[in-house]
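> need the 3D shape of this:
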Amino acid sequence: MEGASAVHDEDRLPSATAAPLPGPPLVRQSWRDTTFVHWPVAPADVAPLLPPGTRPDTLGGVSHVGLVAFRVTATTVAGVLPTGGFTEVNVRLYAVDGAGRRGVVFVTMDADSLHSVLAARALTGLPYIWSDTSLRPQEGGIAAGAVRRRWPGGHARGRWRIAVRDHLAEPSPLERFLTARWGLHTAHAGRTWWIGISHRPWRLFRADLLAYEGNLVDAAGIPLGEQPPISVLWSPGVDTDVCPSPAPVA
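Okay, the predicted model is just below:
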């Protein structure tokens, strides 16, 4: 039956719009200047990195690993408590659970706010790492970013530059598969949890990867070799609502 479900997953794309959250938003964030860089990977290579109760989400039999960077310009908890902003760079995979919920699995999450890192690790189990991170817009539609890891997580680092090109009036099936993600799976306190995320569809622009150096993806346990990315995108950003499910996945 699991094999039949996996085939069925490949026959459909994630919803183009967010599903209703399981409850009132617990966290609200503004995400800005978002870069998406994705590479294809074999499902068997990433399955051991996913939380229990989930399996690799695939398109045409292929899984994907993403390097995604953005600025969190504002965070509000429980509708009343502002906790500030930070810059985040994450390495992510894509999974589906037994209920058919298709979301993100974060393998590493570099951020330059120590209090946000400590709170997220303690409360959600998300793999935040305190790092020096930066995103820098440049002239001519160029966007650049860099990461240098501090604690915990060794000596991983990365540096990149992209050139933003034309607006996508209608994302391709691959672009929708990689960006229309309305939640995440995380392992915490011995269980797997689903956290719903709601926002307007991304306003996406195609981009070219001009340069990338570093070991952020390899350090996450996903060796890429010399293959180029299959997709490079940029977005001015979205405002998000976040709400965990009251019941664990597994």
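> and the host helix or strand of Gly103, what does it pack against?
According to DSSP states H and E, Gly103 maps onto strand 102-111. Secondary-structure packing of strand 102-111 (3 or more CB pairs under 8 Å, 6 or more residues apart in numbering; DSSP states H and E): strand 86-97, strand 128-138, strand 183-188, helix 216-219. C-betas here are computed from N, CA, C, even on glycine.
> can I get those in a markdown table including distance to His38 and mean neighbour count?
Shown next, in a markdown table, are the helices and strands packed on strand 102-111 (distance: least, CB to CB, whole Å; neighbours: other CB atoms under 10 Å):
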| stretch | distance to His38 | mean neighbour count |
| --- | --- | --- |
| strand 86-97 | 9 | 24 |
| strand 128-138 | 18 | 18 |
| strand 183-188 | 16 | 22 |
| helix 216-219 | 10 | 19 |
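> would you list those in CSV and tack on distance to Trp31?
Formatted as CSV, those follow (distance: least, CB to CB, whole Å):
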stretch, distance to Trp31
strand 86-97, 8
strand 128-138, 11
strand 183-188, 14
helix 216-219, 19
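> which stretch among those comes nearest Pro22?
Closest approach to Pro22 among the helices and strands packed on strand 102-111 is made by strand 183-188 (9.4 Å; CB to CB).
> CA-only coordinates of the closest one in PDB, if you can.
Taking C-alpha atoms only, strand 183-188 is exported to PDB below (Å, rounded to 0.1, in the frame of the first residue of the first chain):
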ATOM      1  CA  GLY A 183       3.900  23.000   6.600                       C
ATOM      2  CA  LEU A 184       6.800  21.200   8.000                       C
ATOM      3  CA  HIS A 185       7.600  17.900   9.800                       C
ATOM      4  CA  THR A 186       9.900  17.900  12.800                       C
ATOM      5  CA  ALA A 187      11.000  15.300  15.300                       C
ATOM      6  CA  HIS A 188      10.700  16.500  18.900                       C
END
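> any residues touching the helix or strand following it, and which ones?
On the C-terminal side of strand 183-188, the closest following helix or strand by DSSP H and E is strand 191-198. By CB atoms under 8 Å, 6 or more residues apart in numbering, the surrounding residues in contact with strand 191-198 are 18-22, 25, 51-54, 97, 99, 101, 103, 124-125, 181-187, 240-245, 248-250.
> and if you look at stretch 232-240?
28-38, 70-71, 143, 162, 164, 168, 175, 178-179, 197-200, 202-209.
> just the buried residues of it, please?
Neighbour counts using 16 or more other CB atoms under 10 Å place Val232, Leu233, Trp234, Ser235, Gly237, Val238, Thr240 of stretch 232-240 among the buried residues.
> what are the ranges of the strands in the chain?
For the chain, the strands defined by DSSP state E cover 27-41, 54-56, 63-77, 81-82, 86-97, 102-111, 128-138, 142-151, 157-167, 183-188, 191-198, 205-214, 231-244.
> what is the third one packed up against?
When you say that, I think you mean strand 63-77. strand 27-41, helix 43-46, strand 81-82, strand 86-97, strand 128-138, helix 173-179, helix 216-219, strand 231-244.
> now do the buried residues in that strand.
Per 16+ other CB under 10 Å, strand 63-77 contains these buried residues: 63-73, 75, 77.
> next one: stretch 164-179
Val164, Leu168, Pro171, Leu174, Glu175, Arg176, Phe177, Leu178, Thr179.
> ok, and the closest non-adjacent residue to the last one?
So the one you mean is Thr179. Excluding its sequence neighbours, the residue lying closest to Thr179 (CB to CB, 6 or more residues apart in numbering) is Trp202, at 5.2 Å.
> what about that neighbour, how many residues close to it?
The number of residues packed near Trp202 is 22, by other CB atoms under 10 Å.
> identify the residues contacting the spatially most central residue of the chain.
The centre of the chain sits closest to Arg92, judged by CA atoms, centre = their mean, with a distance of 4.9 Å. Going by CB under 8 Å, 6+ apart, Arg92 touches Val65, Gly66, Val68, Val104, Val105, Phe106, Val107.
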